[in-house]
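Q: here's a sequence, model it:
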Amino acid sequence: ENEFGDIAIDQKILSENVNEEIIEVMNGCICCKVRGDLIDALIKLYKKVETFDGIIIETTGLADPGPVVQTFFAETNGDEKIEKMYKLDGIITVADSKYIVKRLDEEKPDGVVNEAIEQVCFADKIILNKTDLIESKDELEAIEKRIRQLNPQAPIFQCQHSEISPKEVINIGAFDLDRVLNFDPYFLGDIKNPKHDQAVSSTSTKIEGEVNIQLLDNWIHRLLHDQGEQLYRYKGIIAVKGRDEKYVFQGVGHYFSGKFSGKWGEDEARESTFVFIGKDLNLKLLNEGFKACRQTDELRFTVGTLVEANVGRYEKGVVIEQWDEGNAYRIRLKGGREIWAPVDIDVYVRLPVDGKQDQ
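A: Below you'll find the model as predicted:
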């Protein structure tokens, strides 16, 4: 499992539900920064080859598959060990129906790889997921047509919640080196060192203590309204005040889901973690916003305080209630309109910059 951020989320979920061994390759893209860690992990696992049927490499969604695939060929790897140990079975690409065309058509700076295109082109099979989010059959057909322009040979499986028979993705014998050489004649040349879009970044944080679930929900929904288009992926595990179960959330773009799943262990620290990946992210806002969702009874502003609320621009108003429907504040603006500040940070509500406490 390859995580782009420096905190693992999936591993904490998976390890509770499966008996298989999970090795984390952390804090970087497996196709470049931590590729050496992948080779080390494969060599380590081979010592236990009698105990498993195969290895599944789950890369970060920002990975170029080319360098990962090159790992299994001595011509590019410069070392025969991996090629003698393993046979590449197939490359499976999971495409988000709602966003795949946008990602394929995204213009990148000169010399920067479009990872979505590479992932579609290299795929031996494509899982077109979240088809329930597509409004019409014609739109779905257009999405498939766009994918087939890049990869006309790979079978496309439509599904929801990534529900697909394991026989379609494991022991399929689908990898075809000749097909890869057709679209990338220099594949067996030098190891690829893809240049990624520097505007794409990730941030992750871990906080001790419990989170107010209503605050978190309100903050996430405000965040998606303001920055949903910039959020490629986000996920977290939350310790919620008053609940023994872990709250697991994840999302892509404007689409968010969360549920309680699995209990905290008796000796397990109740801490909350999240990872956000996206383009042109305000990393300070994400970290401060998440930390402001911690359970607390103390807020900065009392009822009656004159403040400035962010409604696209800062407008003066007065705090009329604290903890209103789970939001930190309810504020009446100067014109009479009432709005919420979901969490208690300056991005949403602050003291007037002119220092005046009058309307």
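Q: when you work out contacts or count neighbours from here on, use the C-alpha atoms and nothing else.
A: Fine.
Q: starting at the chain centroid, how far to whichever helix or strand Leu42 is part of?
A: Leu42 is part of helix 35-46 when elements are defined by DSSP states H and E. Computed by C-alpha atoms, centre = their mean, to the nearest Å, the chain-centroid distance of helix 35-46 equals 24 Å.
Q: on contacts alone, who are the packing partners of that helix?
A: In terms of contacts (3 or more C-alpha pairs under 8 Å, 6 or more residues apart in numbering; DSSP states H and E), helix 35-46 is packed against helix 81-85.
Q: so where is the stretch 51-200 of the chain shaky, pLDDT-wise?
A: 74-79, 189-198 (pLDDT under 70).
Q: again, only this time at 90
A: The stretch 51-200 of the chain contains residues with pLDDT under 90 at 51-88, 106-115, 118, 170, 175-200.
Q: list the residues that contact the most centrally placed residue in the chain.
A: Central residue of the chain (C-alpha atoms, centre = their mean): Arg233, 2.6 Å from the mean position. Shown in contact with Arg233 (C-alpha atoms under 8 Å, 6 or more residues apart in numbering): Gln250, Gly251, Val252, Gly253, Phe276, Ile277, Gly278.
Q: rebuild the residues you listed as TSV, extending it with pLDDT.
A: TSV is the format used below for the contacts of Arg233 (pLDDT from 0 to 100):
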residue	pLDDT
Gln250	86
Gly251	86
Val252	84
Gly253	85
Phe276	87
Ile277	83
Gly278	83
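Q: now, which of those residues sits nearest Pro152?
A: Val252 (26.4 Å; C-alpha to C-alpha).
Q: okay, now the domains of this protein?
A: Domain assignment for the chain, taken from automatic domain parsing, gives 10-183, 200-291, 306-350.
Q: for those domains, give me TSV that also has distance to Leu299.
A: As requested, the domains of the chain are exported to TSV (distance: least, C-alpha to C-alpha, whole Å):
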stretch	distance to Leu299
domain 10-183	32
domain 200-291	13
domain 306-350	7
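Q: so which of those is the most packed in?
A: domain 306-350 (a mean of 19; mean count of other C-alpha atoms under 10 Å).
Q: straight-line length of it, end to end?
A: End-to-end span of domain 306-350 (C-alpha to C-alpha, to the nearest Å): 9 Å.
Q: mind listing the strands for this structure?
A: 92-96, 125-129, 156-158, 200-208, 231-239, 245-252, 255-263, 271-279, 306-310, 314-324, 327-333, 338-341, 349-350 (DSSP state E).
Q: of these, which shows the lowest average pLDDT?
A: Among these, strand 200-208 carries the lowest mean pLDDT, a mean of 81.
Q: report the distance from that one to the chain centre.
A: 11 Å.
Q: also stretch 308-317?
A: When C-alpha coordinates are averaged (C-alpha atoms, centre = their mean), stretch 308-317 and its chain have centres 31 Å apart.
Q: related to what we said a few turns ago, okay, the strands of the chain in JSON lines with distance to Val180 next?
A: Output for the strands of the chain, formatted as JSON lines (distance: least, C-alpha to C-alpha, whole Å):
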{"stretch": "strand 92-96", "distance to Val180": "14"}
{"stretch": "strand 125-129", "distance to Val180": "13"}
{"stretch": "strand 156-158", "distance to Val180": "18"}
{"stretch": "strand 200-208", "distance to Val180": "27"}
{"stretch": "strand 231-239", "distance to Val180": "27"}
{"stretch": "strand 245-252", "distance to Val180": "29"}
{"stretch": "strand 255-263", "distance to Val180": "33"}
{"stretch": "strand 271-279", "distance to Val180": "29"}
{"stretch": "strand 306-310", "distance to Val180": "51"}
{"stretch": "strand 314-324", "distance to Val180": "54"}
{"stretch": "strand 327-333", "distance to Val180": "53"}
{"stretch": "strand 338-341", "distance to Val180": "52"}
{"stretch": "strand 349-350", "distance to Val180": "53"}
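Q: can you say which of these is nearest to Glu80?
A: Of all the strands of the chain, strand 92-96 sits nearest to Glu80, with 24.4 Å by C-alpha to C-alpha.
Q: that closest one vs strand 245-252, what angle?
A: 80 degrees (axes from the mean of the first three to the mean of the last three C-alpha atoms, to 10 degrees).
Q: so what touches strand 92-96?
A: Identification of contacts with strand 92-96 by C-alpha under 8 Å, 6+ apart yields Gln119, Val120, Ala123, Asp124, Lys125, Ile126, Ile127, Leu128, Asn129, Lys130, Val169.
Q: likewise for stretch 284-303?
A: Here stretch 284-303 makes contact (C-alpha under 8 Å, 6+ apart) with 203-205, 207, 209-213, 215-216, 219, 241, 318-322, 328, 343-345, 347.
Q: go through the strands of the chain and name the closest to Leu42.
A: Using C-alpha to C-alpha, the nearest of the strands of the chain to Leu42 is strand 92-96, at 18.8 Å.
Q: taking strand 125-129 as reference, get the angle to the closest one.
A: 20 degrees.
Q: now do the contacts for the closest residue to Ala239 other than its chain neighbours.
A: Closest residue to Ala239 apart from its sequence neighbours, by C-alpha to C-alpha, 6 or more residues apart in numbering: Glu210 at 5.0 Å. Applying C-alpha under 8 Å, 6+ apart to Glu210 gives the contacts Ile238, Ala239, Val240, Lys241, Arg270, Glu271, Ser272, Arg294, Gln295.
Q: how about a cut-off of 6 Å?
A: Counting by C-alpha atoms under 6 Å, 6 or more residues apart in numbering, Glu210 touches Ala239, Val240, Lys241, Arg294, Gln295.
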